[in-house]
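Visitor: Dropping the sequence and predicted coords here.
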Amino acid sequence: MIIVYLQGGMGNQMFQYAAGRRLAFRLGVSLKLDLSRLSNTEPGITPRAYALAPFPIKAALATPEESRRLWQKSGWWGGRLWQTIKPGYRQTHIRERGFRFDPAILELGDDVCLDGYWQSEKYFVDAVSVLRRDFTLPSPPAGSNGEVLRQITGCQSVSLHIRRGDYLTNRRIAAKHGSCSERYYQEAVAMIAARVSQPHFFVFSDDPGWVRDHFAIPHPMTVVEHNSPDQPHEDLRLMSSCQHHITANSSFSWWGAWLGEHPGKVVIAPARWFNDPSIDTADLLPASWLKVES
């Protein structure tokens with residue numbers, strides 16, 4: 001059994017699930033999700049709900065006893081002390097050691113719990129077909145979503161994500177992330193226009209009113225704003241259906257771009273993901289994506 005601690009919003013939860021799913025699939029064991037972090041949010045962190053329920057994922061919810069067993073198996077004190085007093089020690093509670101890809105995670109055995117964000121496709125790139133199935137919504141889009149999807153599939157569509165919200169209003173999160181600049185988006189739009197004939201931009205944002213009032217580009221643009229905040233999966237489906245992508249420094253639009261299957265897709269992403277330059281994000285963006293200073 002593999003247990004994954006879920007934390008953060010939909011995009012982060014998808015990264016965590018993907019790393020656990022790949023490991024469980026390779027080992028032929030069950031995957032379980034621990035939701036305790038979602039109900040016990042630290043001060044200053046945006047509260048999040050479980051966001052993977054709309055997808056046909058292959059995981060059950062871990063019981064407190066199952067999570068506690070793997071935590072205790074590693075030892076409350078961890079490290080060498082526990083190893084010296086408990087023969088046969090094997091660490092089972094695996095904490096992410098940094099933002100860079102850790103290849104040792106790929107070789108873990110059964111009976112471990114993963115505690116981290118795991119934000120690199122290298123943790124699951126050999127399970128692409130499995131994850132695409134798991135992250136494909138089982139029901140076709142209806143109503144406005146069906147209409148927008150028809151528009152997206154009928155043109156040279158480009159998803160463009162503008163993340164504002166807590167990136168601006170939450171002091172702690174704003175200090176860590178910060179929003180992408182207007183210069184970033186204008187340069188990214190120009191790069192798309194140089195590569196794609198007659199692009200039509202579909203803009204996704206947690207602040208669509210600001211987009212309508214302040215964001216302008218010299219190309220056809222549709223602001224997608226009909227889905228409520230509790231329907232991010234519908235926005236993600238529309239985003240990933242676009243042929244090309246401009247992401248924010250956001251795991252949500254990372255997945256919108258990654259799940260896109262258009263041959264020859266162009267993906268542009270911000271070179272700076274965090275304000276802190278000491279965080280090494282070299283493994284975050286796939287090699288084929290184009291980076292622009294944000």
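Guide: Received, thanks. It should be emphasised that the depicted structure is a prediction, and the values quoted were computed from it without experimental measurement.
Visitor: Which helix or strand lies directly C-terminal to the longest helix belonging to the chain?
Guide: The helix of greatest length in the chain, counted in residues with DSSP state H as the criterion, is given as helix 10-27. Following the chain from helix 10-27 toward its C-terminal end, the next helix or strand by DSSP states H and E is strand 31-34.
Visitor: Contacts for that next one next, please.
Guide: Residues outside strand 31-34 that contact it (CB atoms under 8 Å, 6 or more residues apart in numbering): 1-6, 17, 20-21, 24, 52, 58-62, 66-67, 113. In this view, the C-beta of every residue, glycine as well, is placed from N, C-alpha and C.
Visitor: Show the pLDDT at Glu42.
Guide: In this prediction, Glu42 carries a pLDDT score of 63.
Visitor: okay, and for the stretch 1-150 of the chain, where does confidence drop off?
Guide: Along the stretch 1-150 of the chain, the model assigns pLDDT under 70 to residues 40-46, 72-90.
Visitor: where exactly do the strands run in it?
Guide: If DSSP state E, counting those that start in this stretch is used as the criterion, the strands of the stretch 1-150 of the chain fall at 2-5, 31-34, 60-61, 93-95, 112-115.
Visitor: same thing with the stretch 151-294 of the chain?
Guide: In chain order, the stretch 151-294 of the chain shows strands spanning 156-162, 199-205, 221-224, 244-246, 267-270, 290-292, with DSSP E, counting those that start in this stretch as the criterion.
Visitor: between these, which gets nearest to Val148?
Guide: strand 221-224 (6.1 Å; CB to CB).
Visitor: pLDDT averaged over the closest one - what is it?
Guide: Summarised as a single mean, pLDDT over strand 221-224 is 98.
Visitor: buried set for that strand?
Guide: Going by neighbour count (16 or more other CB atoms under 10 Å), the buried part of strand 221-224 is Met221, Val223, Val224.
Visitor: List just the nearest of these to Asp207.
Guide: Val223 (10.4 Å).
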